[in-house]
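A.B. asks: give me a 3D structure for the following:
(one chain, ligands or ions: 1)
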Amino acid sequence: MTRCPGAEQHPIPPAVQEAYGPADLSSMSLFGGGFINFGYWQGIELDQPLTEHDRISSQQAMYRHVLGTLAPTGGLRALEVGCGLGVGAAVALDEYGFAGVTGMDIHPQQLERAGQVNAALLARRPEQLRFVAGAAEDMPFGDGEFDCLYSVEAAQHFRDLGAFARETARVLRPGGRAVVASFFVPGADPAGIGRLAELLDTFATGLDVAHTIPSLVSGLEQAGLAEVRATSIGASVWPGWDRWLAGIWEPGSWPRNFLRAFREGILDYFTVTAERPAA
Ligand SMILES: C[S@@+](CC[C@H](N)C(=O)[O-])C[C@H]1O[C@@H](n2cnc3c(N)ncnc32)[C@H](O)[C@@H]1O
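C.D. replies: Numbers count the residues shown, from 1 in each chain. A predicted model of the protein is given here:
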């Protein structure tokens, strides 16, 4: 099924509407630099006091790690799903030689912010960077429009991972590659899923959804994608994230319980890569 730009707007879940609307998560000191991810902390010295610069570098490094798994070569067209303020899309365009990068997000206020934050780059390279409203489950693009698709810390918000997997397979050209990075439940144990809502307010309120890695992997395979591989990167995420928070948030508070959930084995951070088989 081909989808066209201008199709009806997909509904935004209320918790997502609030977090990325008036609450503007990107403005919290948890994040910084326009990014909203927990960071990839390899190569950052965690035994010394961390600076704002370290925090921003960790989030850029998350993008570099994710984009590096795509091994892009020049000339490819990339789609970012859940681009937020678009600062990661700017990294992709500046550093990875894409012919063009499309940042897509469900939230109109995030897209407004992305337009403001990247105004200079958009003016300089108007043919190569664009920000588009759309949902992971219902993408406003034609079949086979992209060579690569990537998504950083957005999939925990998607309501329907199966629909996201089908849309990923549809918008990628044959031979195209995808990588999804976010936090997921490693196994399929329902007890662990219940415990997450006790520990982490964002699961209790419905901002985050406890998707399991087996369900994401099987969804991508059922959508026709091949070479689906899930790799844990939690050891490079959670200790650094918690170290950053230690000066600001008490142990036992919401963001500090992520490391606890990781240590209890009920949540981890993954990259999941997949390919659309060549025709
Ligand atoms: C945690 S932020 C991550 C932003 C960016 N990727 C980064 O790492 O800085 C998650 C983003 O996903 C977007 N989002 C949530 N649900 C979505 C959906 N179903 N489809 C597309 N975007 C979605 C939110 O509006 C938000 O901008």
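A.B. asks: and the pLDDT at the one residue in the stretch 51-200 of the chain that gets nearest to the ligand?
C.D. replies: Here the residue of the stretch 51-200 of the chain nearest the ligand is G84; by Cβ to the nearest ligand atom that distance is 2.6 Å. C-beta here means a position set from N, CA and C on the backbone, and glycine is covered the same way. Predicted confidence (pLDDT) for G84: 98.
A.B. asks: any idea how far the residue nearest to it when sequence neighbours are not counted is from A230?
C.D. replies: Closest residue in space to G84, ignoring its immediate chain neighbours: I36 at 5.1 Å, by Cβ to Cβ, 6 or more residues apart in numbering. Plainly put, I36 is 22 Å away from A230 if you go by Cβ to Cβ, to the nearest Å.
A.B. asks: correct me if wrong: the residue nearest to G84 contacts G86.
C.D. replies: No. Between I36 and G86 there is no contact, the gap being 11.2 Å when judged by Cβ atoms under 8 Å.
A.B. asks: so the two - more neighbours on which side?
C.D. replies: G86 (28 against 25; other Cβ atoms under 10 Å).
A.B. asks: neighbours of the closest residue to that one other than its chain neighbours, how many?
C.D. replies: Leaving aside its sequence neighbours, G86 sits nearest to A114 (Cβ to Cβ, 6+ apart; 3.4 Å). Neighbours of A114 under the rule other Cβ under 10 Å: 25.
A.B. asks: look up phi and psi at A114.
C.D. replies: Main-chain torsions, A114, degrees, to the nearest 10: phi -60, psi -40.
A.B. asks: contact partners for it?
C.D. replies: For A114, the contact set (Cβ atoms under 8 Å, 6 or more residues apart in numbering) comprises C83, G84, L85, G86, A89, G103, D105, F131.
A.B. asks: wait, a helix at the fifth one?
C.D. replies: What it means is A89. Yes. Per DSSP: H, G, I helix; E, B strand; the rest coil, A89 lies within a helix segment.
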